[in-house]
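**Q** no FASTA, just this:
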């Protein structure tokens, strides 16, 4: 049985764009429930400017407040050395760096050229070299850019290489606005894993155009075993109002568990935690299993 | 380039469970727009009892009222010889018979044992033998039953055989309540096509638990090329309130067209027709592309 690693991003990729600020104690409680659910990694928060992302202004309090389990990796997104210092002060297990493959998207997202972003990352890497904190390098818009359109695979390969040269231990290929097709996912992942067979590659999909799970299946077929997902399918895309968000954690674990993949995650606990998330947000989340039930939840014949 | 055939079911599988009756002229206009969009087959309506399905009580008027294109197959669901007579009076190209693989589901759905259903089908086949009307045999709950749970593949194989023996030219394997997993789809389709390599097999998926498109990808990989889908993702499941419906036609054509599959269907016309469907129903439908746009719809850099 192939082991699949489920990496939760709802409290970062999801909560950052919610209309409401989720109180710090509720965030901490939510993350503790996630830890108990057997997720392999949790992207707890983001050490970005509170002005840019007010919903995550309590990043340090959240990181300091959660109960940490030894077999869960607690990661935080950081944009610069200041973020790295804050992550280090909270003893994050890992920091997640993000640059876009598309120049235009990087400029819009972080007001830097991609070259400037990687120059910053070098400084971050230098700062972290004396610590136990691992670096994960995320490439946003890997499968397409909402401004530039299709993305050159060679550019993706080169940027992966740049991340590895500055010491990243893992790489995340992110489909930031849900543009990846299953065929494209298979082809790119095959290419990446051919060049770096032992590289821990994470796929980060948004279900914006309904292709999320088809992309997961093709990613697995190409050899990938780490997937980002968001409880309840939280998250979204500023360019696609009304579209669904990140692929949904409990729906993903549901699908894969009935395909005989091995995961640490506990499906029933994830479903409970997703329902809890709905009560926190006081709204319906996009996840399907909390509405439809598992395929093993049979109905009375009556 | 592999050719994929897109078969539309929104006016049958979708409209039958809507809260409102869609007026006959609007149905006719909708189906005419579907015909213009290059769909390969349209399941126009269902010749069932108007008491059982009041939304489709205008089945004959709709069939008689639509403009028919020579390269579109117009099919209707029928439950018995009386339905076959009505379908014949409208010169349907095909009739679609439905029996469930699960005894319990068949009993609930048509108040018959599966054996009784196939006895009826024999009568239908006898009646149609003097006509040009083709028979398609659908097996509901092929991938799981909401009452009985998992389904014996040998039973599926035997029922396919029964359909073929009574003269069915095509078989539809229907995942009536969205229980199929991608692995299961690949395995069953491979088995079916190994035994009947030239059989036109249709896969009919509901996206109840988010697995619809992953199932399509695995069906194609196993050799299937005909897929039912519903404009706007209309349809649904009485056992899963709030869950999504059939897989969405325009989202499916969108995904496959960017994977280099060949289809007759015109994506832009389908998107327009889906938006038109929203105005008919005066509500949002589950389809994602009408919200998010195609992956080639770029945003201004500004």
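**A** That came through, no problem. Everything quoted here is computed from the prediction, not taken from an experiment. Residues are numbered from 1 along each chain as shown, chains lettered A, B, ... in the order given.
**Q** Now for residue A:95: which residues touch it?
**A** The contact partners of residue A:95, taken as CB atoms under 8 Å, 6 or more residues apart in numbering or on different chains, are A:75-78, A:83-84, A:87, A:124, A:128, A:133-136. All C-beta atoms are positioned from the backbone trio N, CA, C, and that covers glycine.
**Q** which among those residues gets closest to residue B:269?
**A** The closest of these to residue B:269 turns out to be residue A:77 (CB to CB; 41.5 Å).
**Q** From the structure, what's the count of residues near the closest one?
**A** The local packing of residue A:77 (other CB atoms under 10 Å in any protein chain shown) involves 25 other residues.
**Q** filter the contacts of residue A:95 down to the ones near chain B?
**A** Taking CB under 8 Å from any CB of the partner chain as the test, chain B is in contact with none of the contacts of residue A:95.
**Q** Closest one to chain B out of those, please.
**A** Closest approach between the contacts of residue A:95 and chain B, by CB to the nearest CB: residue A:77, at 23.3 Å.
**Q** Without its sequence neighbours, what residue ends up closest to the closest one?
**A** residue A:46 (4.0 Å; CB to CB, 6 or more residues apart in numbering or on different chains).
**Q** Do I have it right that that neighbour meets residue A:14?
**A** No - the pair residue A:46 / residue A:14 is not scored as a contact, 11.4 Å apart, by CB atoms under 8 Å.
**Q** between the contacts of residue A:95, which has the most around it?
**A** Comparing these by number of neighbours (other CB under 10 Å), residue A:87 comes first, having 30 neighbours.
**Q** In contact with that one, which residues?
**A** Contact analysis of residue A:87 by CB under 8 Å, 6+ apart lists A:47, A:63, A:76, A:78, A:95, A:133.
**Q** Can you report phi and psi for the last one?
**A** In this entry, residue A:133 is assigned phi and psi values of phi -80, psi 130 (degrees, to the nearest 10).
**Q** was I right about it contacting residue A:97?
**A** No - Residue A:133 is beyond contact range of residue A:97, at 11.6 Å (criterion: CB under 8 Å).
**Q** Now list whatever residues contact both of these two.
**A** Here residue A:133 and residue A:97 have no joint contacts, going by CB under 8 Å, 6+ apart.
**Q** Any regions of chain A where pLDDT drops low?
**A** A:237-242 (pLDDT under 70).
**Q** Number of residues surrounding the residue nearest to residue A:77?
**A** When neighbours are counted by other CB under 10 Å, residue A:46 registers 24.
**Q** And for residue A:186?
**A** Other residues lying near residue A:186 total 21 when counted by other CB under 10 Å.
**Q** Please, where are all the strands along the stretch 151-300 of chain A?
**A** In the stretch 151-300 of chain A, the strands defined using DSSP state E, counting those that start in this stretch lie at A:170-175, A:201-205, A:226-229.
**Q** coming back round to it: turn the contacts of residue A:87 into a markdown table, columns for secondary structure.
**A** Formatted as a markdown table, the contacts of residue A:87 follow (DSSP: H, G, I helix; E, B strand; the rest coil):
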| residue | secondary structure |
| --- | --- |
| A:47 | coil |
| A:63 | helix |
| A:76 | strand |
| A:78 | coil |
| A:95 | strand |
| A:133 | coil |
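**Q** and the spatially closest residue to residue A:36 that is not a sequence neighbour, how many residues sit next to it?
**A** The shortest distance from residue A:36 to any non-neighbouring residue, by CB to CB, 6+ apart, is to residue A:269 (6.3 Å). For residue A:269, the count of nearby residues is 17 (other CB under 10 Å).
**Q** what residues are up against the closest residue to residue A:232 other than its chain neighbours?
**A** Spatial nearest neighbour of residue A:232, excluding adjacent residues (CB to CB, 6+ apart): residue A:285 at 3.2 Å. Contacts of residue A:285 were listed using CB under 8 Å, 6+ apart, and they are A:231-234, A:248, A:274, A:277-278.
**Q** Can you redo the residues you listed as TSV, where the extra columns are neighbour count and distance to residue B:154?
**A** Formatted as TSV, those follow (neighbours: other CB atoms under 10 Å in any protein chain shown; distance: CB to CB, whole Å):
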residue	neighbour count	distance to residue B:154
A:231	30	39
A:232	30	39
A:233	29	37
A:234	27	42
A:248	31	34
A:274	25	37
A:277	27	42
A:278	15	41
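**Q** And the residues you listed, which two are furthest apart?
**A** Largest separation among the contacts of residue A:285 by CB to CB: A:248 and A:278, giving 12.3 Å.
**Q** what touches both of those two?
**A** Here residue A:248 and residue A:278 have A:232, A:285 as joint contacts, going by CB under 8 Å, 6+ apart.
**Q** Show the contacting residues for the residue nearest to residue A:49 when sequence neighbours are not counted.
**A** Closest residue to residue A:49 apart from its sequence neighbours, by CB to CB, 6+ apart: residue A:79 at 8.0 Å. By CB under 8 Å, 6+ apart, the contact set of residue A:79 is A:47-49, A:98, A:110, A:120.
**Q** Let me know whether my guess that residue A:79 is in a helix holds.
**A** No - read with three-state DSSP, residue A:79 is coil and lies in no helix.
**Q** A strand includes residue A:139, no?
**A** Yes - looking at residue A:139 with three-state DSSP, it is inside a strand.
**Q** quick one: contacts for it?
**A** A:99-101, A:156, A:159-160, A:163, A:171-174.
**Q** re earlier: and the residue nearest to residue A:36, how close does it get to chain B?
**A** 18 Å (CB to the nearest CB, to the nearest Å).
**Q** Tell me if I'm right that that residue and residue A:35 touch.
**A** No - Residue A:269 is beyond contact range of residue A:35, at 10.3 Å (criterion: CB under 8 Å).
**Q** Please, where are all the helices along the stretch 201-302 of chain A?
**A** Using DSSP state H, counting those that start in this stretch, the helices of the stretch 201-302 of chain A run over A:212-222, A:249-257, A:267-281, A:289-292.
**Q** okay, the ones you listed in a markdown table with distance to residue B:6 next?
**A** Output for the helices of the stretch 201-302 of chain A, formatted as a markdown table (distance: least, CB to CB, whole Å):
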| stretch | distance to residue B:6 |
| --- | --- |
| helix A:212-222 | 16 |
| helix A:249-257 | 24 |
| helix A:267-281 | 33 |
| helix A:289-292 | 25 |
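**Q** Most tightly packed of these?
**A** The highest average neighbour count among the helices of the stretch 201-302 of chain A, using mean count of other CB atoms under 10 Å in any protein chain shown, belongs to helix A:249-257 at a mean of 27.
**Q** now the angle between helix A:212-222 and that helix, please.
**A** Angle of helix A:249-257 versus helix A:212-222, following axes from the mean of the first three to the mean of the last three CA atoms, to 10 degrees, is 40 degrees.
**Q** Would you mind pulling up the elements that helix A:249-257 packs against?
**A** Applying 3 or more CB pairs under 8 Å, 6 or more residues apart in numbering or on different chains; DSSP states H and E, we find helix A:249-257 packed against strand A:5-8, helix A:212-222, strand A:226-229, helix A:267-281, helix A:289-292.
**Q** Including distance to residue B:260, could the ones you listed go into a markdown table?
**A** Shown next, in a markdown table, are those (distance: least, CB to CB, whole Å):
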| stretch | distance to residue B:260 |
| --- | --- |
| strand A:5-8 | 31 |
| helix A:212-222 | 14 |
| strand A:226-229 | 25 |
| helix A:267-281 | 35 |
| helix A:289-292 | 32 |
